[in-house]
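In: no sequence for this one, just the structure:
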């Protein structure tokens, strides 16, 4: 962590595990939750709960230009590789 700057997280997938990750990030004094991402738009109130922008796709988040240091991938296992590669390619 850079001195005085929080680590910026985006959470991809807001099911059970994604919500647990979001809770931990939101509670940590050296972390900042900068976005929540889930294809299920009915979960948008969770984004409001976390006071973070909500996106319905990883590509929409990447296009937003919001900077993050870590994307927590909490989607079904079969999606992890593609989403990780897309995230890394986006920087």
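Out: Received it, and whenever you're ready, just let me know what you need. Quantities reported herein were computed from a predicted structural model and do not represent experimental measurements.
In: can we go C-alpha only for contacts and neighbour counts from here?
Out: Will do.
In: pLDDT below threshold where in this structure?
Out: The chain contains residues with pLDDT under 70 at 1-2.
In: which residues of it fall in strands?
Out: Ranges of strands in the chain, per DSSP state E, are 7-12, 31-37, 54-55, 70-73.
In: Now distance to residue 43 and mean neighbour count too, for those, in a markdown table please.
Out: As requested, the strands of the chain are exported to a markdown table (distance: least, C-alpha to C-alpha, whole Å; neighbours: other C-alpha atoms under 10 Å):
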| stretch | distance to residue 43 | mean neighbour count |
| --- | --- | --- |
| strand 7-12 | 12 | 23 |
| strand 31-37 | 9 | 24 |
| strand 54-55 | 9 | 23 |
| strand 70-73 | 16 | 18 |
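In: Provide the contact partners of stretch 73-91 at residue level.
Out: Under the contact criterion C-alpha atoms under 8 Å, 6 or more residues apart in numbering, stretch 73-91 has outside partners 11, 12, 13, 14, 15, 17, 18, 58, 62, 71.
In: Highest neighbour count among these?
Out: Among the contacts of stretch 73-91, the one with the most neighbours (other C-alpha atoms under 10 Å) is residue 12, at 27 neighbours.
In: which residues touch that one?
Out: Taking C-alpha under 8 Å, 6+ apart as the test, what residue 12 contacts is 18, 36, 37, 38, 58, 71, 72, 73, 74, 75.
In: can we see that at 6 Å?
Out: Residues near residue 12 by C-alpha atoms under 6 Å, 6 or more residues apart in numbering: 37, 72, 73, 74.
In: For stretch 12-20, what is the spacing between the initial and final residues?
Out: One end of stretch 12-20 sits 12 Å from the other (C-alpha to C-alpha, to the nearest Å).
In: With stretch 65-83 instead?
Out: Chord length of stretch 65-83, first to last residue, is 17 Å (C-alpha to C-alpha).
In: how distant is that stretch from the center of its chain?
Out: Put simply, stretch 65-83 sits 7 Å off its chain's centre (C-alpha atoms, centre = their mean, to the nearest Å).
In: and the gap between residue 36 and residue 63?
Out: Distance, residue 36 to residue 63, by C-alpha to C-alpha: 14 Å.
In: got the contact list for the longest helix anywhere in the chain?
Out: Scanning the chain for the helix with the most residues, using DSSP state H, yields helix 16-27. For helix 16-27, contacts defined as C-alpha under 6 Å, 6+ apart pick out 31, 74.
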